[in-house]
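Peer 1: I would like to see how this sequence folds:
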Amino acid sequence: MRIVTPAPKSQGFAVVRELCADHPDLDAAKVSLGVLGVVSQVTLALEPMFKRSVTFVTRDDSDMAEQAVVWGGLHEFGDMVWPPQQRNVIYRKDDRVAITSVGNGLNDYLAFRSTATADLISGRVMQELLEKKNNTVARCKEAPTSVSLFEKAAYGFTNNGSLFMGYPVVGFQHSIQASGSCLDSPEDALLTTCPWDPRIRGIFFYNNAYSIALSRVSAFIADMKQLRNSNPKAFCGIDAGLGILLRYIKASSAYLGKPEDSIDFDITYYRSYTKGEPNPYSGVLDELQQMALRKYGAIPHRGKNRNFAFEGVIAKYPEASKFLEVKRRYDPDGIFSSEWSDQVLDINGSSIIVEKGCAIEGLCVCSEDSHCAPEQGYYCRPGKVYTEARVCSF
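Peer 2: Numbers count the residues shown, from 1 in each chain. Predicted coordinates for the structure are as follows:
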């Protein structure tokens with residue numbers, strides 16, 4: 001890796017550093033949040049081209065806690081999708097196969113395709129009506145429909161680039177790993193658009209993700225099930241987004257990498273365009289996240305979380321002090337740092353913002369009713385299963 005770091009005038013204001021595989025600072029630079037300097041070159045190892053074989057299998061979730069621990073070891077590229085309210089799991093059997101295997105499969109994931117703008121807007125209008133009326137029955141009826149639609153369409157996989165004729169889907173690594181045909185869709189004056197395009201009033205959601213050490217996953221899933229069983233309807237909104245995605249992550253030698261083999265839990269759910277407007281079941285969803293972060297020591301995804309998730313996060317990296325020592329040597333004046341990076345690295349300030357309604361927006365964990373929305377009937381209360389949580393409940 002080549003990285004350019006600040007330097008005094010006598011050294012031309014910049015130093016080019018070459019970090020070879022055995023360089024002691026490489027583990028700091030591998031995951032650096034951009035605060036060490038400018039990475040100008042990275043040399044990666046290549047491997048021969050290969051193919052993958054993919055099959056999706058749906059089973060009930062009765063043994064999910066046990067399966068989650070072993071599934072990643074059974075299938076090199078395996079993952080799981082869990083719609084909690086429906087009480088089943090979609091297992092992805094995804095393995096490396098010989099380059100000579102027959103198949104030219106393609107992953108063109110349904111949610112990453114160009115979509116008629118009118119459909120996206122009308123879909124959002126329907127979502128908002130369900131949320132404002134707190135129509136739990138309709139929301140829970142909608143969720144299985146969404147999952148069934150994806151299942152019948154093989155989640156966007158095809159056997160030959162255009163048709164799905166059955167599992168397994170066999171294709172080259174690059175065709176199976178990546179998906180994003182919307183990026184190459186035509187410019188048509190917004191008749192169609194990518195679902196996430198901010199130019200239209202389409203989907204808008206919270207996306208929380210955090211990784212939990214594999215050794216703690218079974219107990220966490222058991223607690224999640226207990227929370228689900230206490231209020232199944234609260235999870236219909238998650239199911240409508242196809243459920244909770246579980247991905248396997250290997251431990252890394254990087255100082256700010258994952259210290260243990262882990263599973264990343266990725267959760268998407270409705271968010272209002274109106275600041276301070278609570279989700280009818282936000283208390284349950286916030287309890288779930290606080291349980292993951294506090295009870296199970298989850299490490300939050302840096303791009304998929306709200307402010308409160310990053311409070312004290314640096315303590316979850318055993319080698320954090322080594323990273324900060326390299327940072328002090330590479331950029332002692334903090335030229336490449338920001339207010340946010342200083343907060344999450346525990347150098348200066350806090351990611352928590354305490355103000356009226358802060359817990360509704362995930363800026364804080366509530367400690368008094370004013371942090372919620374008491375005028376709308378939402379008050380700061382203990383969690384139902386993880387009683388150490390403090391959430392805004394109706």
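Peer 1: Please count neighbours and contacts with C-alpha atoms only from this point.
Peer 2: Will do.
Peer 1: ok, which stretches of the chain are helices?
Peer 2: According to DSSP state H, the chain carries its helices in the segments 26-29, 64-74, 117-132, 136-152, 173-177, 214-230, 236-240, 282-290, 320-330, 339-344.
Peer 1: Check which helices and strands the fifth one is in contact with.
Peer 2: I take that to be helix 173-177. Packed against helix 173-177 by the contact rule (3 or more CA pairs under 8 Å, 6 or more residues apart in numbering; DSSP states H and E) you find strand 51-60, strand 106-107.
Peer 1: quick one: buried residues of that helix?
Peer 2: Across helix 173-177, burial judged by 16 or more other CA atoms under 10 Å covers 173, 175, 176.
Peer 1: So which of those is the closest to residue 111?
Peer 2: Among the buried residues of helix 173-177, residue 176 lies closest to residue 111 (CA to CA), at 15.4 Å.
Peer 1: Could you report the separation of that closest one from residue 158?
Peer 2: Spatial separation of residue 176 from residue 158 under the definition CA to CA, to the nearest Å is 10 Å.
Peer 1: overlap in contacts of those two?
Peer 2: Both residue 176 and residue 158 are contacted by 105, 106, 107, under the criterion CA atoms under 8 Å, 6 or more residues apart in numbering.
Peer 1: hang on, the earlier thing: highest mean neighbour count across the helices of the chain, which stretch is it?
Peer 2: Across the helices of the chain, averaging neighbours per residue (mean count of other CA atoms under 10 Å) puts helix 236-240 on top, at a mean of 24.
Peer 1: So which residues of the stretch 151-300 of the chain form strands?
Peer 2: When secondary structure is read from DSSP state E, counting those that start in this stretch, the stretch 151-300 of the chain shows strands at 157-158, 169-172, 192-193, 205-213, 244-249, 262-270, 299-300.
Peer 1: what's the closest non-adjacent residue to residue 104?
Peer 2: Residue nearest to residue 104 in three dimensions, not counting chain neighbours: residue 171, with 4.5 Å by CA to CA, 6 or more residues apart in numbering.
Peer 1: Bridge partners for that neighbour, pull those for me.
Peer 2: With beta bridges defined as DSSP bridges, residue 171 has these partners: residue 52.
Peer 1: which ones are touching it?
Peer 2: Residues near residue 171 by CA under 8 Å, 6+ apart: 51, 52, 53, 103, 104, 105, 106, 159.
Peer 1: same thing but 6 Å
Peer 2: 51, 52, 103, 104, 105 (CA atoms under 6 Å, 6 or more residues apart in numbering).
Peer 1: Can you read off the pLDDT for it?
Peer 2: Among the per-residue scores, residue 171 shows a pLDDT of 98.
Peer 1: do the same with residue 210
Peer 2: For residue 210, the model assigns a pLDDT of 97.
Peer 1: what do you get for residue 127?
Peer 2: Residue 127 is assigned a predicted lDDT (pLDDT) of 88.
Peer 1: Burial check on the closest residue to residue 185 other than its chain neighbours, number of neighbours?
Peer 2: By the measure of CA to CA, 6+ apart, the closest residue to residue 185 outside its immediate chain neighbours is residue 114, 6.4 Å from it. The local packing count at residue 114 equals 20, with neighbours defined by other CA atoms under 10 Å.
Peer 1: Could you do residue 56 as well?
Peer 2: A count of nearby residues for residue 56, using other CA under 10 Å, gives 18.
Peer 1: What of residue 42?
Peer 2: Residue 42 is surrounded by 10 other residues when neighbours are defined as other CA under 10 Å.
Peer 1: wait, what's in contact with it?
Peer 2: So residue 42 contacts residue 1 (CA under 6 Å, 6+ apart).
Peer 1: Kindly provide the distance from it to residue 207.
Peer 2: 30 Å.
Peer 1: Residue 381 now?
Peer 2: With distances defined as CA to CA, the gap from residue 381 to residue 207 amounts to 23 Å.
Peer 1: hang on, the earlier thing: with distance to residue 335 added, can I get the strands of the stretch 151-300 of the chain in a markdown table?
Peer 2: Putting the strands of the stretch 151-300 of the chain into a markdown table (distance: least, CA to CA, whole Å) gives the following:
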| stretch | distance to residue 335 |
| --- | --- |
| strand 157-158 | 45 |
| strand 169-172 | 43 |
| strand 192-193 | 38 |
| strand 205-213 | 29 |
| strand 244-249 | 31 |
| strand 262-270 | 32 |
| strand 299-300 | 25 |
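Peer 1: Can you pull out the low-pLDDT segments for the stretch 201-350 of the chain?
Peer 2: Counting by pLDDT under 70, the stretch 201-350 of the chain shows no low-confidence range.
Peer 1: Of residue 381 and residue 207, give the one with the bigger neighbour count.
Peer 2: Between residue 381 and residue 207, residue 381 has the larger neighbour count (other CA under 10 Å), namely 20 against 16.
Peer 1: so that one sits right up against residue 388, yeah?
Peer 2: No. Under the contact definition of CA atoms under 6 Å, residue 381 does not touch residue 388, with a separation of 9.8 Å.
Peer 1: which ones are touching residue 218?
Peer 2: Under the criterion of CA under 6 Å, 6+ apart, the contact partners of residue 218 comprise residue 65.
Peer 1: thinking again about what came up before, return the most buried member of the helices and strands packed on helix 173-177.
Peer 2: For the helices and strands packed on helix 173-177, ranked by mean neighbour count under the definition mean count of other CA under 10 Å, the leader is strand 106-107 at a mean of 24.
Peer 1: Apart from its neighbours in sequence, what residue is nearest residue 179?
Peer 2: By the measure of CA to CA, 6+ apart, the closest residue to residue 179 outside its immediate chain neighbours is residue 108, 5.2 Å from it.
Peer 1: Please determine how far that neighbour is located from residue 85.
Peer 2: Counting by CA to CA, the separation of residue 108 from residue 85 is 27 Å.
Peer 1: give me the beta-bridge partners of the spatially closest residue to residue 237 that is not a sequence neighbour?
Peer 2: Nearest residue to residue 237 in three dimensions, chain neighbours excluded: residue 269, at 5.9 Å (CA to CA, 6+ apart). Residue 269 forms beta bridges with residue 206, as assigned by DSSP bridges.
Peer 1: List the contacts of residue 269.
Peer 2: Contacts for residue 269 were tallied using CA under 6 Å, 6+ apart; they are 205, 206, 237, 238.
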